[in-house]
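Q: next come a sequence and a model predicted from it.
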Amino acid sequence: MKVVLRSDVADVGKRGDIVNVADGFARNYLIAMGRAIRATDGVVAQAAAMRRARDVRDANDREAAEAIAQKLVAQAISIPVRAGREGRLFGSVTATDIVSAVESQAGVAIDRHKLVIREPIKAVGVHTVSVRLHADVEFQLSVDVVASGS
C-alpha cells in the first residue's frame with residue numbers, strides 16, 4: 001500500500017515521503033497512529049509541499065549547527081570538579097555538567113542528548129566529547145576537567 005508519511009518513522013522514511021509498505025503495517029500502525037495517510041492524487045501534491053518545507057527547515061538547521069560547531073571547535077571548555085590526590089574524581093562528569101559549562105563559557109545552548117560520551121569521564125585532564133548537532137554536522141569538543149580547591 002502506498003502511503004504518505006505525516007511524521008518521521010524510523011527505518012521507513014521522513015515526513016512527506018511516499019513509501020510502499022505492507023498493507024497490515026499501513027492499516028494497523030501507520031494510519032491508526034496518525035503517522036501516515038493513504039496516497040491519493042491530492043495527498044501526493046501535499047506530500048511534495050511537506051518535502052519542500054522539510055528541505056528548507058533542514059537547510060536552516062544545518063547552517064545553525066555549523067555556526068555553533070565553528071564557535072565551539074576552537075574553544076576548550078573547562079569544568080572544575082572535586083578530585084582526590086591521584087586525579088580521580090568523586091563521581092564523574094555528566095552530559096548535563098558539560099552542557100551547563102558550554103552554556104556559561106561559550107554562551108551556546110546545546111541539548112544534552114546531542115553529546116556522545118564514549119566512556120565516563122572520571123579523571124582530571126583533557127577529554128574529547130563528540131557532539132552531533134545535525135545528521136551532517138558532528139564535531140569534537142575539548143573538555144578540560146580540572147580539580148577545584150573545595
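A: Thanks, I have the structure now.

Q: could you use CA atoms for every contact and neighbour count after this?
A: Noted.

Q: what about the residue located most distally from the centre of the chain, which SS state?
A: For the chain, the largest distance from the centre (C-alpha atoms, centre = their mean) belongs to residue 85, which lies 36.3 Å off. Under DSSP: H, G, I helix; E, B strand; the rest coil, the three-state class of residue 85 is coil.

Q: distance check, residue 75 against residue 11.
A: 36 Å (C-alpha to C-alpha, to the nearest Å).

Q: more neighbours: which of those two?
A: residue 75 (14 against 6; other C-alpha atoms under 10 Å).

Q: the more buried one and residue 64, how far apart?
A: On the measure of C-alpha to C-alpha, residue 75 and residue 64 end up 18 Å apart.

Q: for residue 128, same thing?
A: 22 Å.

Q: before we move on, what about residue 88?
A: Residue 88 is 37 Å from residue 64, by C-alpha to C-alpha.

Q: now do the contacts for the residue positioned nearest the centre of the chain.
A: By C-alpha atoms, centre = their mean, the chain has its centre lying nearest to residue 114, at 4.0 Å. For residue 114, the contact set (C-alpha atoms under 8 Å, 6 or more residues apart in numbering) comprises 131, 132, 133.

Q: likewise residue 69?
A: 137, 138, 139.

Q: burial of residue 24, as a residue count?
A: Using other C-alpha under 10 Å, residue 24 has 11 neighbouring residues.

Q: now name the helix or strand holding it.
A: Following DSSP states H and E, one finds residue 24 within helix 23-25.

Q: who touches that helix?
A: Identification of contacts with helix 23-25 by C-alpha under 8 Å, 6+ apart yields residue 1.

Q: what's the first helix or strand after the least confident helix or strand in the chain by mean pLDDT?
A: Scoring the helices and strands of the chain by mean pLDDT, DSSP states H and E places helix 41-73 at the bottom, with a mean of 88. Using DSSP H and E, the next helix or strand after helix 41-73 towards the C-terminus is strand 76-81.
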